[in-house]
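Asks: The following block contains a protein sequence and its predicted model.
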Amino acid sequence: MRIHLIATGGAVMHNLALAIQKNGHQVSGSDDEIYNPAKDRLAAAGLLPPAFGWFPEKITPNIDLVILGMHARADNPELARAQELGIKVNSFPEFIFEQSKNKTRIVVAGSHGKTTTTAMIMHVLRISNITFDYLVGSQIEGFDLMVQLSDAPVIVIEGDEYLSSAIDRRPKFLHYRPHVTIVTGVAWDHINVFPTYENYKQQFELLLENLAPGGKVIFYKKDQDLHEIVERSTADIRPEPYGGLRHQVQDGKFRIEEPGHEAREMQVFGEHNMANLHAAQLACLELGISKEKFLQAAASFQGASRRLQNLTDSESFSAWLDFAHAPSKAKATVQAVKKLHPARRLVACLELHTFSSLNKNFLPHYAGALAPANTAIVFYSPHTLEMKKMPPVSAEEIRLGFNRPDLEVFTERADLEVFLKKQNWENANLLLMSSGNFGGMEVVKFVKELKAPDPEVQG
């Protein structure tokens, strides 16, 4: 087939382009901006567009399919040309479903923990030598791409609730019709698309209605709203609640101690990750993997990129980078790091980068999210507000929303970096949380320059 991708530079879209090409199809694409690592990866495969922008002349009658990325607008000139020629147009979740109609579909949904839980399942399946396809929202260790499509009998999909495309306003996860779905929790997000919490919750009600008949629903039992959604559902489903694997924290490590099984030290930590592991275990049981085999494989799982990613670790100073941006994600991440080293001072810095987080009316949802941190910081870029065509927000409005008068607020990367460099990192931890990049901060390089002062030098 000849397949053209509109908005080919996105995280999933460029991986999809590479996966499609790997399967022998002729692939082309366009985008108005492409950044690394997508730019270099597309170039290496000969798929980088020769010029950035939209070129309707690329859309010719011999193209079999156009895949439309979420970044492209409804008035995109290449899309208009495809529609004029009557060429089939899919969103990427539509395409993924078409490629997986005859597979057992495992879908991980929820407002938080999707990528990590999906990655856990993928890791265990790979260790267990089970052939499977996948779609995940981050680069995972041991996997070349974020998308794989083959003749495997199983596919594991991270099921996002955001819209499929500019012309397909359904949440992505409504396309997949899973045989097994995990729902990690429901916490209001994407308020630019779902203006009320009731509207947001409704998408998860629709997810249950769209399961394959008799589908398994593995849901987080401590989320009361999710519990009610499952209980109210009249769909033909098999519900199973989960909480978290039994564990102890010893010397800064989380140790799984499930009855009847060998105790094992995990590479990941935090109550939320113990819950993610439990959900992943239940999904793997549906695929015939025993609890013991799951625990054995899960012990070597080191996490997904930017999901509590350890940047440096020493006897007195550690730093992590996390994708957390929504209130529930930030709260769980801060709690996890503080519990890991309760005696260390915790400096937690959260970037407000999304439509929801930068909305004045949404800010109160962050109340208490950074409470465990000894020093709490919020960074946001006025340029981001301009790009999203949103009204300005003040430092005082942010402090009120977070219910933290001592909150440090920065709008310039340089000022944030100066503040962090002045901190005493002896017996302290740094947690950086963002779905952006802190105004272009070279995070790995910057953190390496931070170190606990030498006690002898200090006298």
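Replies: Yes, it's here. What you see is a predicted model, and the numbers here were worked out from it, not measured in a lab.
Asks: Okay, strands next: where are they in the stretch 51-200 of the chain?
Replies: For the stretch 51-200 of the chain, the strands defined by DSSP state E, counting those that start in this stretch occupy 65-68, 88-91, 104-109, 133-135, 147-148, 154-158, 163-165, 168-171, 180-183.
Asks: how far is the second one from where the chain is centred?
Replies: Using CA atoms, centre = their mean, to the nearest Å, the mean C-alpha position of strand 88-91 is found 24 Å from that of the whole chain.
Asks: same thing with the longest one?
Replies: Taking the mean of its C-alpha atoms, strand 104-109 sits 15 Å from the chain's own mean (CA atoms, centre = their mean).
Asks: Likewise for the fifth one?
Replies: For strand 147-148, the distance from its own C-alpha centre to the chain's C-alpha centre is 16 Å (CA atoms, centre = their mean).
Asks: pLDDT of it, averaged?
Replies: Average pLDDT, strand 147-148: 96.
Asks: Stretch 402-413: which residues count as buried?
Replies: F402, R404, L407, E408, V409, F410, T411, R413 (16 or more other CB atoms under 10 Å). Any C-beta I mention is one placed from the backbone N, CA and C, and that applies to glycine too.
Asks: Out of the residues you listed, list just those in helices.
Replies: F402, R413 (DSSP state H).
Asks: Mind picking the two most distant members of the buried residues of stretch 402-413?
Replies: Distance extremes for the buried residues of stretch 402-413: the farthest pair is R404 and R413 at 21.6 Å, using CB to CB.
Asks: before we move on, the earlier item: quick one: which of the strands of the stretch 51-200 of the chain is nearest K360?
Replies: For K360, the closest of the strands of the stretch 51-200 of the chain is strand 163-165, at 23.2 Å, according to CB to CB.
Asks: list the buried ones in the closest one?
Replies: Within strand 163-165, the residues that count as buried by 16+ other CB under 10 Å are L163, S164, S165.
Asks: which non-adjacent residue is nearest the first one?
Replies: What sits nearest to L163 in space, not counting adjacent residues and going by CB to CB, 6 or more residues apart in numbering, is R169, at 5.4 Å.
Asks: same check, this time on N192
Replies: F355 (3.9 Å).
Asks: Would you check how far apart the residue nearest to L163 and T196 are?
Replies: Going from R169 to T196 by CB to CB, to the nearest Å gives 16 Å.
Asks: Could you do H4 as well?
Replies: According to CB to CB, H4 and T196 sit 37 Å apart.
Asks: These two: who's more crowded?
Replies: More neighbours surround H4 than the other of H4 and T196, with 24 against 10 (other CB atoms under 10 Å).
Asks: Can you classify the more buried one as helix, strand or coil?
Replies: strand (DSSP: H, G, I helix; E, B strand; the rest coil).
Asks: Any idea what it is bridged to?
Replies: Using DSSP bridges, the bridge partners assigned to H4 are S28, V66.
Asks: buried sites along stretch 259-277?
Replies: If you call a residue buried by 16+ other CB under 10 Å, then stretch 259-277 has these buried ones: 261, 264, 266, 268-277.
Asks: Any chance of those residues in JSON lines with pLDDT and distance to V89 as columns?
Replies: Below are the buried residues of stretch 259-277 laid out as JSON lines (pLDDT from 0 to 100; distance: CB to CB, whole Å):
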{"residue": "H261", "pLDDT": "89", "distance to V89": "49"}
{"residue": "R264", "pLDDT": "91", "distance to V89": "48"}
{"residue": "M266", "pLDDT": "91", "distance to V89": "44"}
{"residue": "V268", "pLDDT": "89", "distance to V89": "39"}
{"residue": "F269", "pLDDT": "85", "distance to V89": "44"}
{"residue": "G270", "pLDDT": "85", "distance to V89": "41"}
{"residue": "E271", "pLDDT": "87", "distance to V89": "43"}
{"residue": "H272", "pLDDT": "88", "distance to V89": "38"}
{"residue": "N273", "pLDDT": "91", "distance to V89": "39"}
{"residue": "M274", "pLDDT": "92", "distance to V89": "42"}
{"residue": "A275", "pLDDT": "94", "distance to V89": "38"}
{"residue": "N276", "pLDDT": "95", "distance to V89": "35"}
{"residue": "L277", "pLDDT": "96", "distance to V89": "39"}
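Asks: Mind checking which of those residues are in helices?
Replies: Applying DSSP H to those, the entries found in helices are E271, H272, N273, M274, A275, N276, L277.
Asks: Next one: the second one from Q148, what distance?
Replies: Taken as CB to CB, the spacing of H272 relative to Q148 amounts to 27 Å.
Asks: what residues are up against the closest residue in space to A38 that isn't next to it in sequence?
Replies: Excluding its sequence neighbours, the residue lying closest to A38 (CB to CB, 6+ apart) is H14, at 4.1 Å. Contact analysis of H14 by CB atoms under 8 Å, 6 or more residues apart in numbering lists T8, I34, A38, R41, L42, L47.
Asks: Which of the strands of the stretch 51-200 of the chain sits closest to I398?
Replies: Ranking those by proximity to I398 (CB to CB) places strand 163-165 first, at 27.4 Å.
Asks: Can you give the contact residues for that closest one?
Replies: The contact list for strand 163-165, computed with CB under 8 Å, 6+ apart, reads 68-70, 72, 91-94, 169-172, 175, 193.
Asks: What of stretch 197-207?
Replies: 109, 159, 161, 171, 173-174, 181, 183, 186, 188-191, 194, 225-226, 229, 232-233.
Asks: and if you look at stretch 280-293?
Replies: 104, 106, 108, 117, 120-121, 124-125, 128, 130, 154, 180, 182, 216, 218, 240, 242, 245, 258, 261-262, 294-295, 298.
Asks: count of residues packed around I398?
Replies: Neighbours around I398, by other CB under 10 Å: 20.
Asks: Taking the ones in helices among the buried residues of stretch 259-277, tell me the two that lie furthest apart.
Replies: Farthest pair in these (CB to CB) is E271 and L277. Separation: 10.7 Å.
Asks: List the residues that are in contact with both of those two.
Replies: G244.
Asks: Pick out the residue closest to the middle of this structure.
Replies: Central residue of the chain (CA atoms, centre = their mean): T115, 4.6 Å from the mean position.
Asks: wait, that one sits on L135?
Replies: No - the pair T115 / L135 is not scored as a contact, 10.9 Å apart, by CB atoms under 8 Å.
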